[in-house]
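**Student:** Give me the fold of what follows.
(chains A and B)
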Amino acid sequence: MSRMLKFTSGLFKNEIREFQVMFWSFIFPLILYFILTSVFGGMASGNSQGISFNLGIVKEENLTGFGRVLDEVLGSISSHGGPFVQREYGNLDEALEDLKNGKQDIVLVIPKGTNAKMTGSLMLQVGDVPLRMHYISGKESSSIAANILGEIMNEVNLEIKKRQEENYIDIASTNNVVSAKQEKGFDYNEYIFPGVALMMILSVSLFNSPIGLIQYRVSGTNKKLYTTPLKPLEYFSAHFVKLVFTMLMSLVLLYIIALTVYRVQGTIFDPRFILSLIYSMLVSVSFGLMVASFAKKLSTATVVGQSLYQVMMFMGGLYFPVFDLPWGLRWIVYLLPTTYLVELSRRFMGYTIAPISMTWLIVVPLIWMIFSVSVFALNFRKVMGYE
Amino acid sequence: MPKTVIDVRNLKKHYGETKAVDDISFQLMEGEVLAILGPNGAGKTTTVEMLEGLRKPDSGAVEYFEEKLPPSSDRVKEEIGVQLQSSSFFEYLSVKETLDLFRGLYTKGVSSDELIEEVSLDEKKKTYTKNLSGGQLQRLAVAVSLVNDPKVVFLDEPTTGLDPQARRMLWETVLNLKKRQKTIILTTHYMEEAEHLADRIIIMDHGKIISRGTLDELIASIETEDIVSFRVKGEEEIPQEFLQMEGLKHVENRTYAVTTKDVERTLGRLFERSKKFEILLDDVTIRKPNLEDVFITLTGRKLRD
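**Tutor:** Purely as a prediction, here's the structure:
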């Protein structure tokens, strides 16, 4: 045991000093975490203010009397939770200048005579109220703002018309919100955490593990080791412990960043979540050992490891939901163990993304693990390089 | 009476049709330095790797010590030290860390500092192995083979690729081990190395032992007292009639050698023929035979061909 531990310590020291190992196991996943959360961090977040547009208003006369109806409508669409942020301008030129400069998405002009026309429309049921909208066609936010404001004005028209009808019956309705099983709000910073954690695990298991085993075999280091009392099984155990230790170190680093920088909630300390990460480690390490069983050369292991790494990351749904992909690609999604592993972790965080039952989330990676370990066991002598 | 340390009997190892080691037997005594000499591909490395337990023989036996232990036994692994032909260590461990790591794999041994001093790597103690030169790596490999204070040391071509100074330094290390009564098996294709270090020499070719004995016994076995060697000057073709001289062997390029028991008579005949065929001779030397001559006599070719 002591021999194995001494060897593990040497092996770990040797690998941790290698820049490539440091970069792929520790630095790169954190960089990706920063990038992904920076780009998508605000997406549908619980703290999000939602999408809003800048609305410039030019009133050529102050709204009074029935004209105040418009004021109320504009006030309601600009208050907390509304889609517009309102700013009033003294003259049209200034407002149009800001529209051109991108400071406003849309400018609404309330012309002179609006109060009188509103009164005529509502009381005497004659005439229109000619409001003018200015927006920049071809600019997405400006066009969307124009559409939304147009729809709101149509609703106002409809409301006015309803009130003009003598037989109009106002039906009071109540909105019943049907709550889904997913009770918490979506937070990308939290959603991405199991993805980055699994990516760190994959970095170690698909790069460090097969490359390490093959490199030492090809270079002849293993041969030298087998002239010592160190047994192949002890050597392999040391390799395994080293991998797990590297993974744990990288995960601790990720936890620190997630807790301090992104304020990820305590769900990541849920014992079931931690168990799911340990399960991911075991499955991934087995997968890496299977790669080592097939690859004779270092270059083959690098290419196979890199390809599987990319496929398992992106098609496994580590960063984005992948169940909307076309069927041609979706069967790959269903084949990958990472699809199930990341979903399993997310379930324990309170997210249900994939339409897969809990049983399958455990069984499919288990099948992969048994298969991979069997392949490795059959090729153990070849992989470890001894007669 | 010295004890038998290794007993090798009828060892065979084939790779397909190739007979890498073809039915060899020998014994190694305690405190003895045995050199296995032969050209590349002779089967030297395969032989020592079977002795080290790295390869399984197709047939035959290797037994260690009085207990007749197989090479794979823990006791044997504890008692042997191996320097492989090509050394590769953990690149990001220093010289000292490498020695400490290997020391940790044995139950007994010597301190890394002592070994570093012995192989003169003091200045490189903290250097990562990836930054060592070829010679320094070879010295480290020898140091690693001694980390468990072994009874038997295997040195597989330890000086290949080293400059003369580094080679001399390694020879000194081996001679020091010899003084400490270590049993050493040395493979080499440098005859001077075998001559300088070995008590007994085995010559291998095509997987077989073609001769064995002490240096004197081997030289005596070719029944040659002296060798007259010479070079033919110029670049024109050498007449075949001249080359038909009795006992004449081609060495390299335009250099030839004649083995003889009567130097005077051989020289007389040589000059007579050179005059007859109008050939100019250069570098005419008379010397005692060496291992190279033994090898040429036995195989008809040079050791490094």
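
**Student:** Tell me if I'm right that residue B:149 and residue B:109 touch.
**Tutor:** Yes: the pair residue B:149 / residue B:109 is scored as a contact, 5.5 Å apart, by CB atoms under 8 Å. From N, CA and C alone the C-beta is placed, and that goes for glycine too.

**Student:** Could I get the contacting residues of the closest residue in space to residue A:232 that isn't next to it in sequence?
**Tutor:** Nearest non-adjacent residue to residue A:232, counting by CB to CB, 6 or more residues apart in numbering or on different chains: residue A:384, 4.7 Å away. When contacts are counted by CB atoms under 8 Å, 6 or more residues apart in numbering or on different chains, residue A:384 touches A:213, A:217, A:222, A:232, A:235-236.

**Student:** Got the phi and psi for residue A:384?
**Tutor:** Phi and psi for residue A:384, reported as degrees, to the nearest 10, are phi -80, psi -10.

**Student:** about what we covered before: between residue B:149 and residue B:109, point out the one with more neighbours.
**Tutor:** Between residue B:149 and residue B:109, residue B:109 has the larger neighbour count (other CB atoms under 10 Å in any protein chain shown), namely 20 against 17.

**Student:** Can you check the pLDDT for the residue most central in space within chain B?
**Tutor:** The centre of chain B sits closest to residue B:188, judged by CA atoms, centre = their mean, with a distance of 2.2 Å. The model reports residue B:188 with a pLDDT of 87.

**Student:** Kindly report the same for residue B:93.
**Tutor:** What the model reports for residue B:93 is a pLDDT of 96.

**Student:** Now do the contacts for the residue nearest to residue B:156 when sequence neighbours are not counted.
**Tutor:** Counting by CB to CB, 6+ apart, residue B:156 lies nearest to residue B:85, which is 4.3 Å off, once chain neighbours are set aside. Counting by CB under 8 Å, 6+ apart, residue B:85 touches B:45, B:156-157, B:160, B:187.

**Student:** Next, the buried residues of stretch A:26-46.
**Tutor:** Residues of stretch A:26-46 classed as buried: A:26, A:29-30, A:32-33, A:36-37, A:40-41, A:45 (neighbour count, 16 or more other CB atoms under 10 Å in any protein chain shown).

**Student:** just to revisit the earlier point, the contacts of residue B:85 in helices, which ones?
**Tutor:** The members of the contacts of residue B:85 that map onto helices under DSSP state H are residue B:45.

**Student:** Flag whichever of the contacts of residue B:85 scores worst on pLDDT.
**Tutor:** Scanning the contacts of residue B:85 for pLDDT, the smallest score is found at residue B:160, 83.

**Student:** wait, what's in contact with it?
**Tutor:** When contacts are counted by CB under 8 Å, 6+ apart, residue B:160 touches B:85, B:188-190.

**Student:** swap the cut-off to 10 Å and go again
**Tutor:** Residues in contact with residue B:160 (CB atoms under 10 Å, 6 or more residues apart in numbering or on different chains) are B:40, B:85-86, B:134, B:138, B:167, B:187-190, B:193.

**Student:** Now flag whichever of those residues is closest to chain A.
**Tutor:** Among these, residue B:86 lies closest to chain A (CB to the nearest CB), at 5.5 Å.

**Student:** I'd like the average pLDDT over stretch A:335-355.
**Tutor:** Stretch A:335-355 carries an average pLDDT of 90.

**Student:** With stretch A:107-125 instead?
**Tutor:** Averaged across stretch A:107-125, pLDDT comes to 79.

**Student:** Pull the distance from it to the chain's centre.
**Tutor:** The chain centroid and the centroid of stretch A:107-125 are separated by 48 Å under CA atoms, centre = their mean, to the nearest Å.

**Student:** Let me see the backbone angles for the one residue in the stretch 201-305 of chain B that gets nearest to chain A.
**Tutor:** Nearest residue of the stretch 201-305 of chain B to chain A, counting by CB to the nearest CB: residue B:207, 17.6 Å away. Dihedral angles of residue B:207 (phi, psi; degrees, to the nearest 10) stand at phi 80, psi 0.

**Student:** separation between it and residue B:43?
**Tutor:** Computed as CB to CB, to the nearest Å, the residue B:207 to residue B:43 distance reads 4 Å.

**Student:** which residues are common contacts for the two?
**Tutor:** In terms of CB under 10 Å, 6+ apart, residue B:207 and residue B:43 are both contacted by the residues B:11, B:13, B:18-22, B:24.

**Student:** What is the neighbour count of the residue nearest to residue B:250 when sequence neighbours are not counted?
**Tutor:** Spatial nearest neighbour of residue B:250, excluding adjacent residues (CB to CB, 6+ apart): residue B:256 at 5.8 Å. By other CB under 10 Å, 21 other residues sit near residue B:256.

**Student:** What strand or helix carries residue B:175?
**Tutor:** helix B:164-179 (DSSP states H and E).

**Student:** Can you tell me the SS state at the residue nearest to residue B:156?
**Tutor:** coil (DSSP: H, G, I helix; E, B strand; the rest coil).

**Student:** pLDDT score assigned to it?
**Tutor:** Confidence at residue B:85, expressed as pLDDT, is 85.

**Student:** quick one on the thing from earlier: give me the buried entries from the shared contacts of residue B:207 and residue B:43.
**Tutor:** Buried among those by 16+ other CB under 10 Å: B:11, B:13, B:19-22, B:24.

**Student:** Quick check: phi and psi at residue B:22.
**Tutor:** With angles defined as degrees, to the nearest 10, residue B:22 sits at phi -120, psi 90.

**Student:** I'd assumed residue B:13 was in contact with it.
**Tutor:** Yes: under the criterion of CB atoms under 10 Å, residue B:22 makes contact with residue B:13 at 8.4 Å.

**Student:** Quick check: neighbours shared by the two?
**Tutor:** Contact criterion CB under 10 Å, 6+ apart; residues shared by residue B:22 and residue B:13: B:43, B:207.

**Student:** nearest to residue B:285, of the contacts of residue A:384?
**Tutor:** Of all the contacts of residue A:384, residue B:285 sits closest to residue A:222, with 48.5 Å by CB to CB.

**Student:** could you list every residue that touches that closest one?
**Tutor:** Neighbours of residue A:222 in contact, by CB under 10 Å, 6+ apart: A:213-216, A:230, A:232, A:235, A:383-386, B:54, B:88.

**Student:** ok, and the closest non-adjacent residue to residue 255?
**Tutor:** Went with chain A since none was named. Counting by CB to CB, 6+ apart, residue A:268 is the residue found nearest to residue A:255 once chain neighbours are left out, at 6.7 Å.

**Student:** my bad, the chain I had in mind was chain B
**Tutor:** Sequence neighbours aside, residue B:231 is the residue nearest to residue B:255 in space, at 4.8 Å (criterion: CB to CB, 6+ apart).

**Student:** and of the buried residues of stretch A:26-46, the nearest to chain B?
**Tutor:** Using CB to the nearest CB, residue A:26 comes nearest to chain B of those, at 15.7 Å.

**Student:** what about the nearest residue to the closest one once chain neighbours are set aside, distance to residue A:342?
**Tutor:** Counting by CB to CB, 6+ apart, residue A:250 is the residue found nearest to residue A:26 once chain neighbours are left out, at 5.2 Å. Residue A:250 is 16 Å from residue A:342, where distance means CB to CB.

**Student:** more neighbours, those two?
**Tutor:** residue A:342 (28 against 24).

**Student:** next one: the helix or strand containing residue A:85 to chain centre, how far?
**Tutor:** Applying DSSP H and E as the criterion places residue A:85 in strand A:84-89. Centroid separation between strand A:84-89 and its chain, computed with CA atoms, centre = their mean, is 33 Å.

**Student:** List the contacts of the helix holding residue B:175.
**Tutor:** Residues outside helix B:164-179 that contact it (CB under 10 Å, 6+ apart): B:31-33, B:81, B:83, B:118-120, B:133-136, B:138-139, B:142-143, B:145-146, B:150, B:153, B:155, B:158-163, B:182-184, B:186, B:190, B:192-193, B:196-199.
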